[in-house]
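Visitor: pasted the sequence and its predicted model underneath.
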Amino acid sequence: MKIPEFRIEKYFERYEFTTRYVLSASDAESRSIGELLALEPGAHERLSEQRLGYTEGAGSRALRSEIAGIYQGLEPDDAVVCTSAEEAIFLLYHVLLGPGDHAVVETPCYQSALELARSTGAEVSTWERHAEDGWAHDLEALEGLLRPTTKVVYINTPHNPTGLLMPRDAYQRVLELGRERGFTVFSDEVYRELEHDPAARLPAACDVTAGAVSLGSISKTYGLPGLRLGWLASRDRDLLARVVDLKYYTTICSPAPSELLTELALRHREALAQRNRGLVLRNLELLDAFLERHAERFSWARPDAGPIGFVRLHGDEGSEAFCRRVVEGAEVLLLPGTVFDRSDHLRVGYGRADLPEALAALEAFLERDG
């Protein structure tokens, strides 16, 4: 398997742990283990007594039961736990795709959603969205990409990097196409439950159609990326069994402490999501005001979900050069749009508590910059 350099993660690895402010993070504010354990009486004792042996390949039944509870009518056997959403993407693609197959990937996207599909040897088409039309979903273009050999269509809602929800009618049409044409809709829902207006939440793909697979994660909405757990949910148990069979060649099983802590977190997921939604909405007001003050430099399609947005950078400099100057001159980390193949954009993250200080440092830099 040949795969190109992971540009997003390489960029973060260079700066994330040495830069004062990370103003491009894709996760919401995290919590300590102590704060997590304080959510439930007896949790500290259960963690202390947790045996550090192997766990079930599909994940503990207790954790899969909590995951099933996120969806409508799912049972524990309708979920597979993975060591991060990244592993889940790898496993599902390599179960469903191979040479001679075809996949469609919504872009711009997190790089692994595209490159891991290509790594299977399948042909991959991109369903492209564009800033010029407000990142609209062109359903006619999608239908034009489909082939008899199409096995997977990957979508992402709420979307990284734009922070936008797919319109409900477009979402329903994609799922209908999956049923009509017989392909798997792989729905990346790692930002689900962090919609700015909970009433706008879309149903999970696996709740709408039996042939769809929903991707979830403890990292983004709930702010617990250090637990390194994600999951796949689907009513297609044969497919999930094949995922577990392949998982025996990757991680075999997930870490027992992470499974226990994720189970705990999901029992309290509404409280975790509510806290992070409040922080996101407060920070979004500050970011709105900042962008308005600097409208000659920046613009965006205002996000309606998640803790991230995709800001257009005006002028000729390009986002990579600009972001490097900012991280070196202001100790503020922004993510250049070049990692999404959009050189005139940059990703901003506004789900963390230190956003006011990060914006102040960025604004001081811009004032010095002229």
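Guide: Thanks, I have it.

Visitor: residue 361 is in what secondary structure piece?
Guide: Residue 361 belongs to helix 355-369 when assigned by DSSP states H and E.

Visitor: same check on residue 51?
Guide: Residue 51 belongs to no helix or strand, assigned by DSSP H and E.

Visitor: do the same with residue 95
Guide: If you go by DSSP H and E, residue 95 is part of helix 85-96.

Visitor: now the strands for the stretch 51-200 of the chain?
Guide: Along the stretch 51-200 of the chain, counting by DSSP state E, counting those that start in this stretch, strands occupy 79-82, 102-107, 123-128, 150-156, 184-188.

Visitor: same check, this time on the stretch 201-350 of the chain
Guide: Using DSSP E, counting those that start in this stretch, strands in the stretch 201-350 of the chain cover 213-217, 230-233, 298-300, 308-313, 332-333, 335-336, 345-349.

Visitor: Serialize these to a markdown table and add fields for distance to residue 260.
Guide: All C-beta spots, glycine's among them, are computed from the backbone N, C-alpha and C. Output for these, formatted as a markdown table (distance: least, Cβ to Cβ, whole Å):
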| stretch | distance to residue 260 |
| --- | --- |
| strand 213-217 | 17 |
| strand 230-233 | 15 |
| strand 298-300 | 40 |
| strand 308-313 | 29 |
| strand 332-333 | 32 |
| strand 335-336 | 32 |
| strand 345-349 | 28 |
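
Visitor: related to what we said a few turns ago, okay if I get the strands of the stretch 51-200 of the chain as CSV plus distance to residue 38 and mean neighbour count?
Guide: Below are the strands of the stretch 51-200 of the chain laid out as CSV (distance: least, Cβ to Cβ, whole Å; neighbours: other Cβ atoms under 10 Å):
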stretch, distance to residue 38, mean neighbour count
strand 79-82, 24, 28
strand 102-107, 39, 23
strand 123-128, 44, 18
strand 150-156, 33, 24
strand 184-188, 31, 26
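
Visitor: please parse this protein into its domains.
Guide: 7-32+270-369, 49-268 (automatic domain parsing).

Visitor: so which of those domains comes closest to residue 1?
Guide: Closest to residue 1 of these is domain 49-268 (Cβ to Cβ; 5.0 Å).

Visitor: now that closest one: how far from the chain's centre is it?
Guide: 9 Å (Cα atoms, centre = their mean, to the nearest Å).

Visitor: distance between the ends of that domain?
Guide: Using Cα to Cα, to the nearest Å, one end of domain 49-268 lies 21 Å from the other.

Visitor: got it, and stretch 160-170?
Guide: End-to-end distance of stretch 160-170 (Cα to Cα): 17 Å.

Visitor: does residue 29 touch residue 353 like I think?
Guide: Yes: contact criterion Cβ atoms under 8 Å: residue 29 and residue 353 qualify, at 5.2 Å.

Visitor: list the residues that contact both of these two?
Guide: Common contact partners of residue 29 and residue 353 (Cβ atoms under 8 Å, 6 or more residues apart in numbering): residue 279.
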